[in-house]
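Please work out how this folds:
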Amino acid sequence: MFFDSWIGLGRVLVVRFLAYTALVLLLRVSGKRTLTKMNAFDLVVTVALGSTLATVLLSKSVALAEGVLALTLLIVLQYAITWLSVRSPRFQALIKAQPAMLVYRGDFLPAALMDQRVTREEVMAVLRAQGRTDLRDVLAVVLETDGSFSVLPGNAESETTPVLENVSRP
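Residues are numbered from 1 along each chain as shown. Modelled structure (predicted):
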């Protein structure tokens, strides 16, 4: 159906404005960390916020107050989990994966590739995207906790840097 009623359109306009304003205020109060994608949990919260906002805007069966409460609950839970993870190494280890080294000093680490379910071809695509033409010029390729790849330039003679301290290696 293309058009249902003017009341439906008016509801979408009013609820959109109020729900969006509420979400912006909630995000502003909760801080920048709420929308970062540092790990898989952050991505889930970001997607859930978008899905909740869309449901509030388009579903007549969800009242604005219910939607704002759902958005608030998601942000409060995300805040609580990140607050705990900063203060408790055990809790952090429970919810956050370790970054994994896939290439070190120009050599693929086959066990790490298998553990992380990443192929050599996928790593090569990442290297090409970073403008790398020779694997020997790469100190490390790391699969980060958010699913992105970091490529550290260097070679076999390069010293290990402090940024690799907490990266798991097979």
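
Only C-alpha atoms from now on, for both contacts and neighbour counts.
Noted.

On the pLDDT front, check M1 for me.
With respect to pLDDT, M1 scores 68.

and what of S158?
70.

distance of it from V126?
S158 is 21 Å from V126, where distance means C-alpha to C-alpha, to the nearest Å.

repeat for Q92
The gap separating Q92 from V126 is 28 Å, by C-alpha to C-alpha.

thinking again about what came up before, comparing S158 and V126, which shows the higher neighbour count?
Higher neighbour count among S158 and V126: V126, with 17 against 12, using other C-alpha atoms under 10 Å.

contacting residues around the more buried one?
When contacts are counted by C-alpha atoms under 8 Å, 6 or more residues apart in numbering, V126 touches F149.

What does it show for phi and psi?
In terms of degrees, to the nearest 10, the main-chain angles of V126 are phi -60, psi -40.

Show the pLDDT at it.
Listed pLDDT for V126 reads 97.

Break this structure down into its domains, please.
Domain assignment for the chain by automatic domain parsing gives 6-94, 100-164.

Poorly predicted segments of this structure, please.
Along the chain, segments meeting pLDDT under 70 span 1, 170.

mind checking the SS state of the residue nearest to the spatial centre of it?
Geometric centre of the chain, nearest residue: K37, 2.8 Å, by C-alpha atoms, centre = their mean. Following DSSP: H, G, I helix; E, B strand; the rest coil, we place K37 in the coil state.

can you tell me how far it sits from L152?
Between K37 and L152 the distance, using C-alpha to C-alpha, works out to 21 Å.

how about the residue nearest to the centre of the chain, what does it touch?
Residues near K37 by C-alpha under 8 Å, 6+ apart: 43, 146.

That one and S59, how far apart?
As judged by C-alpha to C-alpha, K37 and S59 stand 28 Å apart.

now W6
Separation of W6 from S59 (C-alpha to C-alpha) stands at 15 Å.

do S30 as well
Taken as C-alpha to C-alpha, the span from S30 to S59 is 26 Å.

and what of R33?
29 Å.

Which one of the two is surrounded by more residues?
Legend: neighbour count by other C-alpha under 10 Å for R33 and S59, higher for R33 (13 against 10).

What about the more buried one? Give its phi and psi, please.
Here R33 shows phi and psi, under degrees, to the nearest 10, equal to phi -60, psi -20.

Might you report the residue contacts of V62?
By C-alpha under 8 Å, 6+ apart, the neighbours of V62 are 55-56.

Does A112 touch R169 like I think?
Yes. When contacts are counted by C-alpha atoms under 8 Å, A112 is listed as touching R169 (7.0 Å).
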